[in-house]
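> The amino acid sequence is not available; the structure is as follows:
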């Protein structure tokens with residue numbers, strides 16, 4: 001029995017996006033796995049610190065993917081081939097410019113970073129070496145953000161999936177060769193990552209040139225980059241996403257640092273339990289990408305009935321998956337934690353907080369799904385408002401209850417943060433779903 005077309009339309013975008021999301025952290029895991037067998041803990045620490053710096057930097061510039069995806073999907077829905085082309089050029093131009101600026105500022109970034117990061121001299125030296133090699137990949141990474149958003153806006157999540165897979169294959173082969181055949185250690189891992197990043201970027205360029213040949217006649221770099229009105233709109237959309245991301249980073253870093261301040265056991269427990277949240281986000285982000293691409297397309301086409309159907313079916317799938325995650329975590333969550341650690345003290349303490357994990361899919365379902373739909377609608381000001389309200393709620397709840405509940409207050413604040421995002425976006429959604437008003 002085949003699925004109706006509307007469901008297949010969602011899954012056609014969502015499933016490859018889920019695969020892409022799952023492969024993203026593999027680049028970092030591969031690096032850690034390789035240096036983890038070199039015989040010195042400093043190598044692992046260096047990769048961890050260097051990877052953390054890049055995660056923060058690239059996370060902040062994630063607006064390049066989101067903003068590009070939303071605007072492209074709307075232009076695609078309007079069948080505005082010229083604007084689709086100009087959006088790619090515009091996004092790539094901004095991405096490559098930011099990437100080059102990061103390269104120029106690399107020494108300032110490392111100096112400032114190690115004012116806040118406590119590391120042994122050996123780890124700091126190796127992490128700096130790793131950073132100064134991988135930073136040359138910034139144009140490729142940010143350029144891929146632009147391409148990924150553009151491909152998704154074009155209703156094509158297969159290309160980002162294949163790019164992610166190729167990146168991981170290249171990273172494994174090159175890193176192993178440089179480390180074990182050439183004895184390059186941290187430098188070899190960094191070069192493997194760098195080469196994989198450019199392999200992904202040039203693959204995106206090739207796929208675009210190969211499968212979107214018809215767009216070549218619409219290429220107009222001057223119109224893409226020097227049109228003040230369109231550049232202003234591009235930066236307005238991305239500015240809201242940028243500030244939204246800063247709120248998200250603030251909550252995430254506070255959650256980690258506050259857990260660390262409560263001791264090694266609590267830090268370990270929070271880290272392990274957050275892996276289950278991360279796993280959930282990989283799946284939900286795939287659905288959110290589908291919601292983004294399809295809602296943007298139908299908003300661009302002015303098709304309100306199709307937009308409402310997309311929202312309804314997206315929430316149906318997200319609800320079913322969220323309930324499935326609750327069931328899976330309830331039945332197999334403890335076994336999953338046992339795979340991650342065999343420390344009896346950590347596992348025992350994790351049991352005291354495990355019910356918070358069961359609340360994550362329920363609290364986060366609406367937030368993730370609305371995020372995708374709002375990105376497709378380029379309603380980024382509403383997204384910023386929802387994130388700001390949720391962040392305020394997070395800190396308010398924590399500081400009210402932390403004297404009484406300790407780490408439980410931190411988890412209560414996090415669940416409140418997730419649910420608040422969904423509630424605010426739901427309240428604001430009627431305006432989004434009425435295209436003729």
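Right, received. Where do you want to start? Predicted model only: the values in this text are computed from it and were never measured.
> By mean pLDDT, point me to the weakest helix or strand of the protein.
helix 26-35 (a mean of 67; mean pLDDT, DSSP states H and E).
> For residue 137, which non-adjacent residue is spatially closest?
In space, and not counting its chain neighbours, residue 137 is closest to residue 197: 3.8 Å by CB to CB, 6 or more residues apart in numbering. Placement of C-beta: from N, CA and C, glycine included.
> what kind of secondary structure is the one you found in?
Under DSSP: H, G, I helix; E, B strand; the rest coil, residue 197 falls in the helix class.
> where does it land on pLDDT?
Looking at residue 197, its pLDDT reads 95.
> Next: the one 4 residues further on.
Note for residue 201: predicted pLDDT of 97.
> can you tell me the average pLDDT over the strand or helix carrying residue 412?
Using DSSP states H and E, residue 412 sits within helix 407-433. Averaging pLDDT along helix 407-433 yields 94.
> go on, stretch 346-358?
Rounded mean pLDDT across stretch 346-358 is 87.
> Need the contact partners of it.
265-266, 268-270, 272-273, 276-277, 326, 329-330, 333-334, 337-338, 341, 407-408, 411-412, 414-415 (CB atoms under 8 Å, 6 or more residues apart in numbering).
> these two touch, right, residue 417 and residue 391?
Yes - Residue 417 is within contact range of residue 391, at 6.8 Å (criterion: CB atoms under 8 Å).
> which residues are common contacts for these two?
Joint contacts of residue 417 and residue 391 (CB under 8 Å, 6+ apart) are residue 251.
> Looking at these two, which one has more neighbours?
Higher neighbour count among residue 417 and residue 391: residue 417, with 26 against 20, using other CB atoms under 10 Å.
> who touches the more buried one in this structure?
If you count contacts by CB under 8 Å, 6+ apart, residue 417 has them with 251, 390-391, 393-394.
> any idea how far the nearest residue to it once chain neighbours are set aside is from residue 131?
Taking CB to CB, 6+ apart, and ignoring the residues beside it in sequence, residue 417 has residue 394 as its nearest neighbour in space, at 3.9 Å. According to CB to CB, to the nearest Å, residue 394 and residue 131 sit 30 Å apart.
> can you check residue 234 too?
Distance check for residue 234 against residue 131: by CB to CB, it reads 29 Å.
> same check, this time on residue 176
Distance from residue 176 to residue 131, by CB to CB: 21 Å.
> More neighbours: which of the two?
Neighbour totals were compared for residue 176 and residue 131, and residue 131 leads with 23 against 15 (other CB under 10 Å).
> Test my guess that that one contacts residue 52.
No - using CB under 8 Å, residue 131 makes no contact with residue 52, being 10.3 Å away.
> related to what we said a few turns ago, pull out the buried members of the contacts of residue 417.
Buried by 16 or more other CB atoms under 10 Å: 251, 390-391, 393-394, out of the contacts of residue 417.
> Low-confidence regions, the protein specifically.
1-4, 25-29, 32-33, 35-42, 44-45, 117-119, 340-341, 436-437 (pLDDT under 70).
> Please parse it into its domains.
With domains defined by automatic domain parsing, the chain comprises 1-226, 234-437.
> Can you give the distance from the first one to the centre of its chain?
Which is domain 1-226. Average the C-alpha atoms of domain 1-226, do the same for its chain, and the two points are 11 Å apart (CA atoms, centre = their mean, to the nearest Å).
> likewise stretch 415-431?
Stretch 415-431 sits 20 Å away from the centroid of its parent chain (CA atoms, centre = their mean).
> For the buried ones among the contacts of residue 417, which two are the farthest from each other?
Farthest-apart pair in these is 251 and 393; separation 10.0 Å (CB to CB).
> For the stretch 201-350 of the chain, just list every one of the helices.
Ranges of helices within the stretch 201-350 of the chain are 221-226, 228-260, 264-301, 304-340, 344-376, based on DSSP state H, counting those that start in this stretch.
> swap that for the stretch 1-150 of the chain, sorry
Secondary structure of the stretch 1-150 of the chain by DSSP H, counting those that start in this stretch: the helices cover 5-23, 26-35, 41-60, 63-77, 81-104, 106-116, 121-134, 138-153.
> on that earlier part again, type out the PyMOL command that picks the buried ones from the contacts of stretch 346-358.
Buried subset of the contacts of stretch 346-358, written as a PyMOL selection, criterion 16+ other CB under 10 Å:
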select buried, resi 266+268+269+270+272+273+276+277+326+329+333+337+407+411+412+414+415
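> Relative to residue 375, which of the helices of the stretch 1-150 of the chain is closest?
Among the helices of the stretch 1-150 of the chain, the nearest to residue 375 by CB to CB is helix 63-77 (4.5 Å).
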